[in-house]
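Trainee: one predicted model, sequence on top.
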Amino acid sequence: MTAAPAPGPAPAPDPAAGPAPLRIGNASGFYGDRFEAVREMLTGGPLDVLTGDYLAELTMLILARDRMKDPSRGYARTFLRQMEESLGLAVDRGVKVVVNAGGLNPAGLADALRALAGRTGVPAAVAHVEGDDLLPRAAELGLTGEDGPSGEGRPSGGGGLLAAHAYLGARGIAECLRAGADVVVTGRTTDASLVVGPAAAHFGWRWDDWDALAGATAAGHVLECGAQATGGNYSFFTEHDVRRPGFPLAEVRADGSSVITKHPGTGGAVTVETVTAQLLYETGPARYAGPDVTTRLDTLRLRQEGPDRVALTGVRGEAPPPALKVGLNRLGGWYNEVVLVLTGLDVEAKAALVREQLEAALGKHRPAELRWTLARTDRPDAAVQEEASALLRLAVRDPDPEAVGRAVSGAAVELALASYPGFHVTAPPGNGTPYGVFEAAYVDAAAVPHTAVLPDGRRVAVPPAPRTAAPAEVPAPEPPEPELPAPLPPGPTRRAPLGLVAGARSGDKGGDANVGVWARTDDGWRWLAHALTADRLRELLPETAGLPVTRTVLPHLRAVNFTVTGLLGEGVASRARFDPQAKAVGEWLRSRHLDIPEVLL
């Protein structure tokens, strides 16, 4: 492997300022992210640690199916290909690599990396972390549903358990790095642990240095989704050049505070608002519980320090909960869909006709679940045929693959010449496909054998946190006075989209959706905190009506964060709705109109 020229040295540290910050970068936010990002981060500027997040709830299901086909698989093979071209580069530059690409088989990926190092002559010390895989002990731990205890945490639905993985913390990673590892591979750790582990090892933090651990957790949460912190998926994307945003890095200090930035000359932007958006992503209550620390999201503060530099300070931490979260993936059943195109006039009548015909044709072969949705993408007097068309989608689910296969596709095909005028579908109906279900359970941390496998092969048992505490609900802060400290004139209001004065980001946590909304100005915050309540959210997003909605107020971020319980059914793999990961729910909310004071507009 030929190394590219090394970037210039980092600025000399100021001795009076304490130890130099640890520069931790990210090169992956999911399995399938930009392949070249590893090399870009290694060559773009000074770096001490490079992390990569390859896992998500859906990814674990994909890897579980890979492992069923071949027991030697179950890890993110993309990372191995990235290391084929960049392992020597990382070692030459002294950059440690910490990734969760091990997925369901961290030992297998570590062995493959050692073989790669041997073939290429790169002196890389490889270690891995294991113990998160609880599938062999699922019945013993009550995780199988049929044999487990009833109540919260018990899986439901059909099919067998395919994967059961505890979310481990940072301590195993730190053990591996302290033992001299150049590359650390983990399975299902929390995403932020990829940053917390290197910082704890480098600065020698104790595992009850709650504030430092919490600060690093917040930085890790900002980094974990890659370019989402540098302008990707950002509400105000037209304000920056985000055609190819750079990946983020955090300059973590000895007290856990950090500066979020990116390599010079890369695209995108790092601003208080891009960082705010990522901090709101897939979080919920003000107490953000993890295996190493409970992070108080309501305490952190952001400050723009300069171009593409945002300081993240003031984070307080508390003892973590005694139980670890466990992600359960199981086969939920079989899924199929038919999307019919309705063009021109009488769209509602056409939809009613074909719906009645199809349901009658299914008769006694009707699947266990039918879900119809009509998307009115049509417009009157359209000059383009596609713009004159609406989409009627039929989604079906059943434990029996036959019930969603030919029984459905055949019934649809037989109507081709006997239904509404202009009948056609977007794709030929086919057989059903299996779908997965994700659920969260919880087990005592002491029951999970968190193990660091060091570069020399030694196995080190990693104890749980030294102290734990069940996180209590944080009392909601009083919303800001609408006319203090500066008057907000009552004046006229105008019906306008919320997105003119607020940004949003949304995502999924199992079957729940999270929608974070932030105001762009102090005046906007005084209005938003009063105007956007849980009840108002239900009015603006009718799909949430009847569902539990929890609002968390985060004054330091000028933000409110909503958790909508059950919006996504049984999780992304179950494909319960049009936007199965709730990625665009925030943008839908921003497009909704409400009465906004003209002074804000």
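Mentor: Structure received.

Trainee: contacts and neighbour counts: CA atoms only from here.
Mentor: Fine.

Trainee: contacts for stretch 214-223, please.
Mentor: 25-26, 191-196, 199, 229, 248-250, 252, 255-258, 260, 275, 278-279, 293-297, 312-318 (C-alpha atoms under 8 Å, 6 or more residues apart in numbering).

Trainee: let me see the mean pLDDT of it.
Mentor: Averaging the model's pLDDT scores along stretch 214-223 yields 98.

Trainee: buried ones in that stretch, by neighbour count?
Mentor: 214-223 (16 or more other C-alpha atoms under 10 Å).

Trainee: for the residues you listed, which one is nearest F438?
Mentor: Closest approach between the buried residues of stretch 214-223 and F438, by C-alpha to C-alpha: H221, at 21.5 Å.

Trainee: distance from the chain centre to the helix or strand where that closest one lies, please.
Mentor: Assigned by DSSP states H and E, H221 belongs to helix 210-223. Centroid separation for helix 210-223 versus its chain: 16 Å, with C-alpha atoms, centre = their mean, to the nearest Å.

Trainee: cool, stretch 548-558 as well?
Mentor: Distance, centroid of stretch 548-558 to centroid of chain: 19 Å (C-alpha atoms, centre = their mean).

Trainee: show me what counts as buried in that stretch.
Mentor: 549-555, 557-558.

Trainee: from these, pick the one nearest D523.
Mentor: Within these, the smallest distance to D523 is 10.1 Å, found for R558 (C-alpha to C-alpha).

Trainee: could you check the pLDDT of the closest one?
Mentor: The model reports R558 with a pLDDT of 97.

Trainee: ok, A64 next?
Mentor: Confidence score, pLDDT, at A64: 89.

Trainee: just the element for it, please.
Mentor: Going by DSSP H and E, A64 is part of helix 57-69.

Trainee: which SSE is immediately downstream of the helix holding H221?
Mentor: Following helix 210-223 in sequence, per DSSP H and E, is strand 248-252.

Trainee: what pairs with that next one, parallel or antiparallel?
Mentor: Using DSSP bridges, the neighbouring strands of strand 248-252 in the sheet come out as strand 22-26 (antiparallel), strand 258-262 (antiparallel).

Trainee: ok, back up a step: narrow the contacts of stretch 214-223 to those in helices?
Mentor: 193-196, 199, 275, 278-279 (DSSP state H).

Trainee: show me the contacts for S419.
Mentor: 353-354, 357.

Trainee: which strands and helices sit next to the worst-scoring helix or strand of the chain on mean pLDDT?
Mentor: Lowest on mean pLDDT, DSSP states H and E among the helices and strands of the chain sits helix 57-69, with a mean of 87. Here helix 57-69 touches strand 161-166, strand 323-343, going by 3 or more C-alpha pairs under 8 Å, 6 or more residues apart in numbering; DSSP states H and E.

Trainee: ok now it, how far from the chain's centre?
Mentor: Worked out by C-alpha atoms, centre = their mean, helix 57-69 lies 17 Å from the chain centre.

Trainee: same check, this time on stretch 21-28
Mentor: The chain centroid and the centroid of stretch 21-28 are separated by 18 Å, computed with C-alpha atoms, centre = their mean.

Trainee: got it, and stretch 172-187?
Mentor: 24 Å.

Trainee: please write out the alpha-carbon positions of it in CSV.
Mentor: The C-alpha trace of stretch 172-187 is given here as CSV (Å, rounded to 0.1, in the frame of the first residue of the first chain):
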residue,chain,number,x,y,z
GLY,A,172,-14.1,-2.9,26.1
ILE,A,173,-12.9,-0.5,23.4
ALA,A,174,-10.8,1.3,25.9
GLU,A,175,-9.2,-1.9,27.2
CYS,A,176,-8.2,-2.8,23.6
LEU,A,177,-6.7,0.6,22.9
ARG,A,178,-4.8,0.6,26.2
ALA,A,179,-3.3,-2.8,25.2
GLY,A,180,-1.9,-1.3,22.0
ALA,A,181,-4.5,-2.1,19.4
ASP,A,182,-4.3,-0.2,16.1
VAL,A,183,-7.7,-1.4,15.0
VAL,A,184,-10.7,-2.3,17.3
VAL,A,185,-13.7,-4.1,15.9
THR,A,186,-16.9,-4.3,17.9
GLY,A,187,-20.3,-5.7,17.4
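
Trainee: so what's the residue positioned nearest the centre of the chain up against?
Mentor: Nearest to the geometric centre of the chain sits E282, at 6.1 Å (C-alpha atoms, centre = their mean). Contact analysis of E282 by C-alpha under 8 Å, 6+ apart lists 506-509, 513-515.

Trainee: for A117, see how far away H450 is.
Mentor: Using C-alpha to C-alpha, to the nearest Å, H450 is found at 26 Å from A117.

Trainee: quick one on the thing from earlier: quick one, which of the helices and strands packed on helix 57-69 is nearest to H424?
Mentor: It's strand 323-343; of those, that one is closest to H424 (C-alpha to C-alpha) at 5.7 Å.

Trainee: same for that closest one, what does it pack against?
Mentor: Strand 323-343 packs on helix 57-69, strand 161-166, strand 389-398, helix 401-404, strand 424-425, strand 433-444, going by 3+ C-alpha pairs under 8 Å, 6+ apart.

Trainee: show me where the stretch 51-200 of the chain has helices.
Mentor: Taking DSSP state H, counting those that start in this stretch to define them, one finds helices in the stretch 51-200 of the chain at 57-69, 77-92, 106-120, 171-178, 193-203.

Trainee: so which of those is nearest A545?
Mentor: helix 57-69 (25.8 Å).

Trainee: okay, the angle between that closest one and strand 161-166?
Mentor: If you take axes from the mean of the first three to the mean of the last three C-alpha atoms, to 10 degrees, helix 57-69 sits at 120 degrees to strand 161-166.

Trainee: make 43 the starting number, not 1.
Mentor: Taking 43 as the first residue, the last one we looked at is helix 99-111.

Trainee: pull out the buried residues from helix 99-111.
Mentor: 99-109.

Trainee: do the same with stretch 607-625
Mentor: 607-619, 622-625.

Trainee: low-confidence ranges, the stretch 143-292 of the chain, go.
Mentor: Residue ranges of the stretch 143-292 of the chain with pLDDT under 70: 186-201.

Trainee: P441: neighbour count?
Mentor: 19 (other C-alpha atoms under 10 Å).

Trainee: turn the helices of the stretch 93-242 of the chain into CSV, columns for distance to G533.
Mentor: As requested, the helices of the stretch 93-242 of the chain are exported to CSV (distance: least, C-alpha to C-alpha, whole Å):
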stretch, distance to G533
helix 99-111, 48
helix 119-134, 57
helix 148-162, 61
helix 213-220, 56
helix 235-245, 48
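
Trainee: so which of these is nearest P497?
Mentor: Of those, nearest to P497 by C-alpha to C-alpha is helix 213-220, at 7.5 Å.

Trainee: which residues touch the closest one?
Mentor: 140, 169-171, 226, 228, 236, 239-240, 242-243, 334, 492-497, 504.

Trainee: tell me the buried residues in it?
Mentor: Result for helix 213-220 [16+ other C-alpha under 10 Å]: buried residues 213-219.

Trainee: report the angle between that helix and helix 235-245.
Mentor: Using the same axes, to 10 degrees: helix 213-220 against helix 235-245 is 50 degrees.

Trainee: distance check, the nearest residue to V602 once chain neighbours are set aside against G262.
Mentor: In space, and not counting its chain neighbours, V602 is closest to V595: 4.6 Å by C-alpha to C-alpha, 6 or more residues apart in numbering. When distance is defined by C-alpha to C-alpha, V595 is 22 Å away from G262.

Trainee: same thing with V168?
Mentor: Taken as C-alpha to C-alpha, the span from V168 to G262 is 22 Å.

Trainee: returning to that earlier point: got the angle for the helix holding A106 vs strand 475-486?
Mentor: Using the same axes, to 10 degrees: helix 99-111 against strand 475-486 is 110 degrees.

Trainee: low-confidence regions, this structure specifically.
Mentor: The chain contains residues with pLDDT under 70 at 43-59, 186-201, 524-531, 614-615.

Trainee: confirm that R578 sits in a helix.
Mentor: Yes: according to DSSP: H, G, I helix; E, B strand; the rest coil, R578 belongs to a helix.
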